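S.K.: This is a predicted model, with the sequence first.
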Amino acid sequence: MKNFLTFFIIFTFFTNLKADILPNFFKDYETKGVFVLYDGKSFLTNDKKRAEKRFSPASTFKIFNALFALNLGIIQDEKEIFYFYNNEKVFLPSWKNDANLSSALKRSQVPAFKFLARKIGKENMQKNLTLIHYGNQKISQIDSFWLDNSLKINAKEQAILLYKLATTSLPYSLKSQKILKNLLFYKEINGVKIYAKTGFNDEAQIASIVGFYELNQQAFSFGLNLDIKDYKSLAKRDEILEKYLKFLIKMGRV
């Protein structure tokens, strides 16, 4: 533990996005991208320039769409059915279902989150984006702005917001933040529970994943995005994330 803290302090002292410290695992997959790790004070990254370049959040914004709805009382908890499928044409077969917050997040069910956004309304949505400093805070159509390249955010900003969620320090009720945290469970890597949400903007050809984990009683958050040509290549995103997290978790056990 002591060795890890010393190692981590040395790393973070020289970074804060001033240097590209982490290895570039993206080149192993013949693509470009960025991974940012944040501990509440400092950052580690493989590419400081891209870490500050904004892209569409795509489905990673569902985290905050859900949080706003919970905090406003539009939905009470993760079990309440709030979306009812009405036989409209949808992209995935799994979306042809009614949804509560738990199932909607697992399916990344766009129609359900479009419904939530309309219930939140443009005025409340704008207030909340401004309150938490979410990227460029730009809204176009209320039920598509996180998908149509209007709203943009960078990996560093994502990591900051996810750290605040991990530590329940966002300006929202403790209940809302705890519900959402638990719903974001992604997988377990080397005994460490990872909480995350994925996204993919096919127009911009950018895939992303953001989240957090705890190691040695310390919260760490991350933001990752990379260039992806099509859905067939999305496995790269998850494989690259796992390489970074295994690398960092191994560091934490030195």
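M.R.: Happy to help now that I have it. If you're wondering where the values come from, they're calculated on a predicted model, not measured in any experiment.

S.K.: Off-centre distance for whichever strand or helix holds residue 68?
M.R.: Using DSSP states H and E, residue 68 falls within helix 62-72. Put simply, helix 62-72 sits 13 Å off its chain's centre (C-alpha atoms, centre = their mean, to the nearest Å).

S.K.: what does the helix or strand just after it contact?
M.R.: Sequence-wise, the next helix or strand downstream of helix 62-72 (DSSP H and E) is helix 101-107. Helix 101-107 has contacts (C-beta atoms under 8 Å, 6 or more residues apart in numbering) with 62, 66, 69-70, 75, 77-80, 82-83, 92, 94-95, 97, 99, 109, 112-113, 179, 183-184, 197. Backbone N, C-alpha and C define where each C-beta goes, glycine included.

S.K.: need the helix or strand of this structure with the lowest average pLDDT.
M.R.: When the helices and strands of the chain are compared on mean pLDDT, DSSP states H and E, helix 2-13 comes out lowest with a mean of 42.

S.K.: Can you tell me what sits against the helix or strand just after that one?
M.R.: Per DSSP H and E, the first helix or strand lying C-terminal to helix 2-13 is strand 33-38. With C-beta under 8 Å, 6+ apart as the test, strand 33-38 has contacts from 22, 25-26, 43-47, 50-51, 53, 155-156, 158-160, 162-163, 220-227, 240-241, 244, 248.

S.K.: ok, then the element right after strand 33-38?
M.R.: Following strand 33-38 in sequence, per DSSP H and E, is strand 43-45.

S.K.: Make a ChimeraX selection of the buried ones in the contacts of strand 33-38.
M.R.: Applying 16 or more other C-beta atoms under 10 Å to these, the buried members can be selected in ChimeraX as follows:
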select :22,25,26,43,44,45,46,47,50,51,155,156,158,159,160,162,163,220,221,222,223,224,225,226,227,240,241,244,248
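
S.K.: hey, which helix is longest across this protein?
M.R.: Among the segments of the chain that qualify as a helix by DSSP state H, the longest is helix 235-251.

S.K.: So for it, mean pLDDT?
M.R.: Helix 235-251 carries an average pLDDT of 94.

S.K.: which of the residues in that helix are buried?
M.R.: For helix 235-251, burial by neighbour count (16+ other C-beta under 10 Å) applies to 236-238, 240-241, 243-245, 248-249.

S.K.: coming back round to it: just the buried subset of the contacts of helix 101-107, written out for PyMOL, thanks.
M.R.: In PyMOL, this line selects whichever of those come out buried by 16+ other C-beta under 10 Å:
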select buried, resi 62+66+69+70+75+78+82+83+95+99+109+112+113+179+183+184+197
